[in-house]
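K.L.:
got a predicted structure here, sequence first:
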Amino acid sequence: MEQLIGREREIAELERCLTSERSEFVVVAGRRRIGKTFLVSNALDNQITFSFIGSHKSPQKRQLQKFAQTLQRSGLTDVQPQINSWYDAFDVLEVILPKISQEGKKILFFDEMPWIDTPGSEFVAALEDFWNGWASLRDDIMLVACGSATSWLVDQLIENQGGLHNRITSRIFLQPLNLAECRQYVERHHGTWDDYQITQMYMYIGGIPYYWSLLDFKKGITENVDDLFFSPSGKLRGEFDELYQVLFKDAEAYVAVVRLLAQRREGFTRQEIAQALNSNGGTLTKRLSNLERCNFIMSQIPVGKKRNCVIYSLCDFYTLFYFSFVELHRQYISHYWMSQITSPAVAAWQGFTFELIGKTHIDQIRNALGIFGMRVEASTWRSKKDAFSGSSTQIDLVIKRADHITHLCEFKFSPDQYVITADYADKLRERMSIFREQTRTHDTLLTTFVTPFGVHNGKHLSVVQGDIKLSQLFMPLPF
């Protein structure tokens, strides 16, 4: 079996649950293709006592029949038991499991659990009865619930207001791989892409392990993008249509949220989202929360704003690329991306996306600044509109440190060292002055650049107090 890349914290948490002195109910959640099943299968390896996978859109009768067949095929029963309800299914487990001679905990792995809960099945009620009335009273059971439908896992298990309220003992929300982990993946598959190329691919597919498994490392970045997104048989051409449908009930409403957020890179307030989509209250709150849990969107409180002024922005690289280019060119065009890669539109999109890479690698930036262990606040900032021009100034990322130093970060995606012109140097000085005036901060302000190859040592370099190179975003973190 292929080895895991990263996931050290998640593996440690599963091992903790496996060796604890009580029964454990573990929920492993995360967006589609993030590697939930791969994590559990690898981390627990051959220790899983019983594994059952729910079937998408299968009726209850078929699910129960499959459950009985799996019990027999797993060697837990000699004959296939008669199971007519989920209460029967869990009753069978209560009889079988104590008879199994196995060191340590008996692990029950329910993969795609949301698919098991068909209308009228009473699956959740039966699961509640099994856990509260039997498993939780023992010390040798580890029940792992997994699935792509995050909204179901949150509603029915994590935030259950009935019999399973506060019964979940461990929650694991899988995050995308970071740049360093993607480089490990490339190296493990004998690829020779450098950090700049890996960063370019990250702009298209983010850190989703399954998407990286589709790449041909013998080809270049542009060829892979054409093959995956724009060829007739491209494996990611139809991915978007399934992605949100599998994850969320009322998927169209979730798509409406991310489609709106894709229209403005700096994001929207909750009030703006509610007005644009004519949606408000708890329903919108739940959708935003579920999207953030799955790493489709991120929330930040702008510098100087109150906690109720949260800004939501789209941060899923695949979705951004889909809205920006794929959706607009779904018809097959031979070598389409090859013909577009040097266009101004792509250059602008790469510049914005590199900024997003920085925002999703805050820990790596902190590490590069030598403040990994220090408390910081990371956010964005936009000035008040000028009374005469009506324009405003924006800072991509503001990192406010506990030692009263604030970094005003600029992200520039350039194939060479970035050259600061006289006009741009003046703009940076003016921006710093406006920031200090409007925020009334007494912190030491440092203009910090994040670029692939650093800032050119020219005569305007004095405006730069921090210079972070792409290679530093690939450095392992000191956990």
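P.N.:
Received, thanks.

K.L.:
which stretches of the stretch 101-250 of the chain form strands?
P.N.:
Ranges of strands in the stretch 101-250 of the chain, per DSSP state E, counting those that start in this stretch, are 106-111, 141-146, 170-173.

K.L.:
endpoints of stretch 2-16, how far apart?
P.N.:
Terminal residues of stretch 2-16 lie 23 Å apart, using C-alpha to C-alpha, to the nearest Å.

K.L.:
got the buried residues for it?
P.N.:
Within stretch 2-16, the residues scored as buried using 16 or more other C-beta atoms under 10 Å are 4-7, 10-11, 13-14. Every C-beta, even on glycine, is put in place using the N, C-alpha and C of the backbone.

K.L.:
identify the farthest-apart pair in those residues.
P.N.:
The most widely separated members of those, counting by C-beta to C-beta, are Ile5 and Glu13 (17.0 Å).

K.L.:
tell me the domain ranges of this structure?
P.N.:
8-173, 179-237+330-355, 241-321, 361-473 (automatic domain parsing).

K.L.:
the residue nearest to the spatial centre of the chain is in what secondary structure piece?
P.N.:
By C-alpha atoms, centre = their mean, the chain has its centre lying nearest to Asn295, at 3.3 Å. Taking DSSP states H and E as the definition, Asn295 sits outside all helices and strands.

K.L.:
gap between it and Ile362?
P.N.:
Going from Asn295 to Ile362 by C-beta to C-beta, to the nearest Å gives 14 Å.

K.L.:
Leu143 contacts Asn132, doesn't it?
P.N.:
No - look at Leu143 against Asn132 with C-beta atoms under 8 Å: they stay out of range, at 12.0 Å.

K.L.:
ok so, going back, to Ser313, which of the strands of the stretch 101-250 of the chain lies closest?
P.N.:
strand 170-173 (19.0 Å).

K.L.:
export the domains of the chain to a markdown table and tack on mean pLDDT?
P.N.:
Below are those laid out as a markdown table (pLDDT from 0 to 100):
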| stretch | mean pLDDT |
| --- | --- |
| domain 8-173 | 93 |
| domain 179-237+330-355 | 93 |
| domain 241-321 | 89 |
| domain 361-473 | 91 |
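
K.L.:
and the helices in the stretch 301-450 of the chain?
P.N.:
According to DSSP state H, counting those that start in this stretch, the stretch 301-450 of the chain carries its helices in the segments 317-321, 336-340, 344-359, 362-368, 422-439.

K.L.:
looking at these, which is buried most?
P.N.:
helix 317-321 (a mean of 22; mean count of other C-beta atoms under 10 Å).

K.L.:
mind listing residues that contact that helix?
P.N.:
Residues from elsewhere that reach helix 317-321 (C-beta atoms under 8 Å, 6 or more residues apart in numbering): 202-206, 208, 211, 229, 236, 239-240, 243, 258, 262, 296, 314, 353, 356.

K.L.:
mind running it again at 6 Å?
P.N.:
Residues from elsewhere that reach helix 317-321 (C-beta atoms under 6 Å, 6 or more residues apart in numbering): 204-206, 258, 314.

K.L.:
any idea what Thr447 is bridged to?
P.N.:
Here Thr447 sits in beta bridges with Leu408, going by DSSP bridges.

K.L.:
same check on Lys469?
P.N.:
Residues in beta-bridge contact with Lys469 (DSSP bridges): Thr451.

K.L.:
hang on, Phe50 packs against Phe109?
P.N.:
No - in this structure, Phe50 is not within contact of Phe109 by C-beta atoms under 6 Å, at 7.1 Å.

K.L.:
compare those two and say which is more crowded by neighbours.
P.N.:
Using other C-beta atoms under 10 Å as the criterion, Phe50 and Phe109 rank with Phe109 on top: 23 against 19.

K.L.:
ok so, going back, so the residue nearest to the centre of the chain versus Leu71, what's the distance?
P.N.:
Taking C-beta to C-beta, one finds Asn295 at 36 Å from Leu71.

K.L.:
now Leu277
P.N.:
Taking C-beta to C-beta, one finds Leu277 at 46 Å from Leu71.

K.L.:
settle it for me: which of the two has more neighbours?
P.N.:
Higher neighbour count among Leu277 and Leu71: Leu71, with 21 against 16, using other C-beta under 10 Å.

K.L.:
to which secondary structure element is the more buried one assigned?
P.N.:
helix 60-73.

K.L.:
contacts for that helix next, please.
P.N.:
For helix 60-73, contacts defined as C-beta under 6 Å, 6+ apart pick out 52, 77, 80-81, 83, 89, 116, 118, 121.

K.L.:
can you do 8 Å?
P.N.:
50-52, 54-55, 58, 77-86, 88-89, 92, 96, 116, 118, 120-121.

K.L.:
any idea of the angle it forms with strand 106-111?
P.N.:
140 degrees (axes from the mean of the first three to the mean of the last three C-alpha atoms, to 10 degrees).

K.L.:
report the distance from helix 60-73 to the chain centre.
P.N.:
On the basis of C-alpha atoms, centre = their mean, to the nearest Å, helix 60-73 sits 33 Å off its chain's mean C-alpha point.

K.L.:
contacting residues around whatever helix or strand Thr49 lives in?
P.N.:
For Thr49, the host element (DSSP H and E) is strand 48-53. By C-beta under 8 Å, 6+ apart, the list of residues contacting strand 48-53 from outside reads 40-41, 66-67, 70-71, 74, 76, 93, 97, 100, 102, 106-112, 116.

K.L.:
who does that strand pair up with?
P.N.:
Those paired with strand 48-53 in the sheet (DSSP bridges) are strand 106-111 (parallel).

K.L.:
among the contacts of strand 48-53, which ones are buried?
P.N.:
Among these, those scoring as buried are 40-41, 66-67, 71, 76, 93, 97, 106-112, 116 (criterion: 16+ other C-beta under 10 Å).

K.L.:
identify the farthest-apart pair in those.
P.N.:
Leu97 and Glu112 (21.5 Å).

K.L.:
can you give me the strands in the stretch 251-400 of the chain?
P.N.:
Going by DSSP E, counting those that start in this stretch, the stretch 251-400 of the chain shows strands at 268-269, 297-300, 311-314, 376-382, 394-401.
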